[in-house]
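Q: one predicted model, sequence on top.
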Amino acid sequence: MTQLYFSKIMSTEGRKLVSSFSWNTATVVLQILIQLGYTAVLARLIAPESFAVMGVVLSLMGFAEIFSQIGLGPALIQRKVVTQDHLNSAFTTSLLLGLTFTLFFIAIAPVLANLYGIQLLEEIVPIVCTSFTISSLSVVPRNLMMKEMRFKAFFTSSMLSIVGGNLVVGLILAYGGFQIWAYVWALFAQNALMTIACWILQPTRVQLQWKKKATLELLNYGAGSSLFNALNYAATKVDVTLTPMFSQGSWMFPNSISLHAAGLYERGAYVASLPITIMAKLSDSVLFSGMSKLQDELEKLQRIVLAATNALSLLSFAFSCFVIVFSEELLTLYLGSQYASGHWVVKWLFVAVVFRSLTRPIDSLLRAKAAVYRGSRIKLIYFLLMVAGVIVGGRFGAESVAMSIALTTAIHYVMMVFFASSLIQLSIKKQFMALLPGMRVGAVVTLVSFLMKYVSDRMHSPIWIAVVLGGLGVACGGLALAYFRPLWLGERSINPLFVIPERVRKIPFLRKVYEAFDEE
């Protein structure tokens, strides 16, 4: 009977949307879970120095990859009408750019090795940089898969690549004692498998043809977005990129951070990036698409920004405060005891997590309002501040680098708040007031976490018991707060306890579901 109700009230398009969202969510969740397990095992099989080296390589490659595709994929998704000329031009342009960037990094590999004082880079970079060419081959089928909302096929492609690359190639080589090369060939295999799977599951007819008009139509959309994304990415990766340089000793980068310490820092930065990655993949597309539809309705945009800020402050303050208190225990459980000494780095980086999370709604806002070029100015300032912070902080050790990152990220958030105020006439005071519920929850989480940690220490409990006790204590405290003091989580207009149920009841499909069951 329930299936009959669903088939009656849910249109074909509605079923497609729900199915697509479900497969997309499943892809993100499983990718994160597999990556968590893979990283935990890999950290126990290869040395921290290997992560420092790979952190440099992947940061440089990630930055260059933004320019190597210059928004061609998103442009294909965004265009209402995609012709064969668009497909051919996108394929040809992306392949040429991929080959160009591959050859460029092969050529500068010796320069990078001398710059960092790590000769192994001369061997690793030429292999890893093939990802530009390999990934360029899949730009068209992968993005057409997304455009047609074939998320089940995308899920299959993603799982084949991450399981085959990381769990099969990566772990087999790591157990075989190949150290950093296990990481290198796992990435190579993952990229190759993803490209092959995309072509098999989304066969697309393309030719090596280039049309100026079609290419410019695609680039017109992608250029501004690429600049904004590149500056934002560079700012968030500059610490991992520059920290290993302090191991070589020079007038700008004195020998104040060993390569081992840089490896500990890189893993701490990776752990801190996980919640940002999850929130970005699950929420960015929703916020961006929703704000794009309402880009001329300032009151609604203001309400969305405040509600998103309130919700993210609750999540980020609570999660970060818990991690800050239990950072040493969590690092030991996740990566192993050799990484526990990096817990102060993690503490400061999770302060930065709060501000990076709170910036996401404003990032989506300026993209929806087509203000990416104006926003790029702020991102450029952010990048320069991060560079200065790393260079100054690095002279005093890895912990000082993390402190400078936390401070710079906070400054960046304040700049973005002022930018949002000018963009949609949103009161600065209201934006900061939306943070108060998260700060209250953070204070409660910190108090409960310290209490649980004190109790577990007095009981001489194992590390995992201390973390579980802390988690249970925080969960109970959060439920009690929501039940007895719901308005502590924000005023009714932006409080998720009131907003979410109200929004759910307004969804046409769900409203019909409720009515159908009421009639039954």
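A: All right, it came through fine.
Q: tell me the buried residues in stretch 230-250?
A: Using 16 or more other Cβ atoms under 10 Å as the test for burial, stretch 230-250 gives 230-247. Where you see a C-beta, it was placed from the backbone N, CA and C, and this is true even at glycine.
Q: what residues does stretch 311-318 touch?
A: 275, 279, 353-354, 357-358, 360-361, 434-435, 437-439, 441-442, 445, 474, 478, 489-490, 494, 496 (Cβ atoms under 8 Å, 6 or more residues apart in numbering).
Q: please tell me how far Phe188 sits from Thr195.
A: 11 Å (Cβ to Cβ, to the nearest Å).
Q: who's more crowded, the two?
A: Thr195 (22 against 17; other Cβ atoms under 10 Å).
Q: so who does the residue nearest to the spatial centre of the chain touch?
A: Ranked by distance to the mean C-alpha position of the chain (Cα atoms, centre = their mean), the top residue is Thr277 at 2.4 Å. The neighbourhood of Thr277, defined by Cβ under 8 Å, 6+ apart, consists of Ile32.
Q: check what pLDDT it gets.
A: We note a pLDDT of 73 for Thr277 in this prediction.
Q: gap between it and Leu447?
A: For Thr277, the distance to Leu447 - Cβ to Cβ - is 29 Å.
Q: do the same with Pro486
A: Taking Cβ to Cβ, one finds Pro486 at 19 Å from Leu447.
Q: what does Cys476 give?
A: Distance, Cys476 to Leu447, using Cβ to Cβ: 13 Å.
Q: likewise Val139?
A: Taken as Cβ to Cβ, the span from Val139 to Leu447 is 50 Å.
Q: higher neighbour count, these two?
A: Taking neighbours as other Cβ under 10 Å, Val139 and Leu447 compare with Val139 leading, 23 against 15.
Q: number of residues surrounding the residue lying closest to that one once chain neighbours are set aside?
A: Leaving aside its sequence neighbours, Val139 sits nearest to Ser94 (Cβ to Cβ, 6 or more residues apart in numbering; 4.3 Å). Per other Cβ under 10 Å, the neighbour tally for Ser94 reads 25.
Q: number the chain from 36, please
A: Right, with 36 as the first residue, what we last looked at is Ser129.
Q: run the chain-centre distance for the helix or strand harbouring Val92.
A: Using DSSP states H and E, Val92 sits within helix 83-104. Here helix 83-104 shows a centroid-to-chain-centroid distance of 15 Å under the convention Cα atoms, centre = their mean, to the nearest Å.
Q: restricting the selection to alpha carbons, write that helix to CSV.
A: The C-alpha trace of helix 83-104 is given here as CSV (Å, rounded to 0.1, in the frame of the first residue of the first chain):
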residue,chain,number,x,y,z
PRO,A,83,55.4,10.5,8.2
GLU,A,84,58.1,11.9,6.0
SER,A,85,56.3,10.3,3.0
PHE,A,86,53.1,12.2,3.8
ALA,A,87,55.1,15.5,3.9
VAL,A,88,56.5,14.8,0.4
MET,A,89,53.1,13.7,-1.0
GLY,A,90,51.4,16.7,0.6
VAL,A,91,53.7,19.0,-1.4
VAL,A,92,53.0,17.1,-4.6
LEU,A,93,49.3,16.8,-4.2
SER,A,94,48.9,20.5,-3.3
LEU,A,95,50.8,21.7,-6.4
MET,A,96,48.9,19.2,-8.6
GLY,A,97,45.5,20.2,-7.1
PHE,A,98,46.2,23.9,-7.7
ALA,A,99,47.3,23.3,-11.3
GLU,A,100,44.4,21.0,-12.0
ILE,A,101,41.9,23.9,-11.5
PHE,A,102,43.6,25.7,-14.4
SER,A,103,44.1,22.5,-16.5
GLN,A,104,40.4,22.2,-16.9
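Q: wait, doesn't Ile81 sit right on Leu208?
A: No. The criterion here is Cβ atoms under 8 Å, and Ile81 misses it with Leu208 at 9.7 Å.
Q: which residues do the two both contact?
A: In contact with both Ile81 and Leu208: Ala217, using Cβ under 8 Å, 6+ apart.
Q: got phi/psi on Met184?
A: Here is the backbone geometry of Met184 (degrees, to the nearest 10): phi 60, psi 40.
Q: what of Ser285?
A: According to degrees, to the nearest 10, Ser285 has phi -150, psi 180.
Q: go ahead and confirm Thr127 touches Leu243.
A: Yes. Contact criterion Cβ under 8 Å: Thr127 and Leu243 qualify, at 5.3 Å.
Q: please identify which of the two sits among more neighbours.
A: With neighbours defined as other Cβ under 10 Å, Thr127 and Leu243 compare such that Thr127 has more, 19 against 9.
Q: quick one: low-confidence parts of the stretch 36-185 of the chain?
A: Judged by pLDDT under 70, the stretch 36-185 of the chain has its weakly predicted residues at 36-62, 102-104, 113.
Q: and the helices in it?
A: 37-44, 47-78, 83-104, 107-113, 119-151, 156-163, 165-171, 174-182 (DSSP state H, counting those that start in this stretch).
Q: now do the fifth one against helix 174-182, angle only.
A: It stands for helix 119-151. Between helix 119-151 and helix 174-182, the angle comes out at 110 degrees (axes from the mean of the first three to the mean of the last three Cα atoms, to 10 degrees).
Q: list the helices and strands helix 119-151 packs on?
A: If contacts are counted by 3 or more Cβ pairs under 8 Å, 6 or more residues apart in numbering; DSSP states H and E, helix 119-151 sits against helix 83-104, helix 107-113, helix 156-163, helix 165-171, helix 174-182, helix 247-277.
Q: any chance of those helices in CSV with distance to Gly298 as columns?
A: CSV is the format used below for those (distance: least, Cβ to Cβ, whole Å):
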stretch, distance to Gly298
helix 83-104, 3
helix 107-113, 33
helix 156-163, 15
helix 165-171, 22
helix 174-182, 32
helix 247-277, 10
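Q: those: which one's closest to Leu458?
A: helix 247-277 (14.1 Å; Cβ to Cβ).
Q: any idea how far the residue lying closest to Gln242 once chain neighbours are set aside is from Leu243?
A: Leaving out its chain neighbours, the residue that sits closest to Gln242 by Cβ to Cβ, 6+ apart is Asn123, at 5.1 Å. Look at Asn123 and Leu243: by Cβ to Cβ, they are 8 Å apart.
Q: next one: Gly432
A: Distance from Gly432 to Leu243, counting by Cβ to Cβ: 52 Å.
Q: with Leu107 instead?
A: According to Cβ to Cβ, Leu107 and Leu243 sit 15 Å apart.
Q: Gly424 now?
A: According to Cβ to Cβ, Gly424 and Leu243 sit 45 Å apart.
Q: who's in contact with the closest residue to Phe454 other than its chain neighbours?
A: In space, and not counting its chain neighbours, Phe454 is closest to Ile413: 6.0 Å by Cβ to Cβ, 6+ apart. By Cβ under 8 Å, 6+ apart, Ile413 lies in contact with 447, 450-451, 454.
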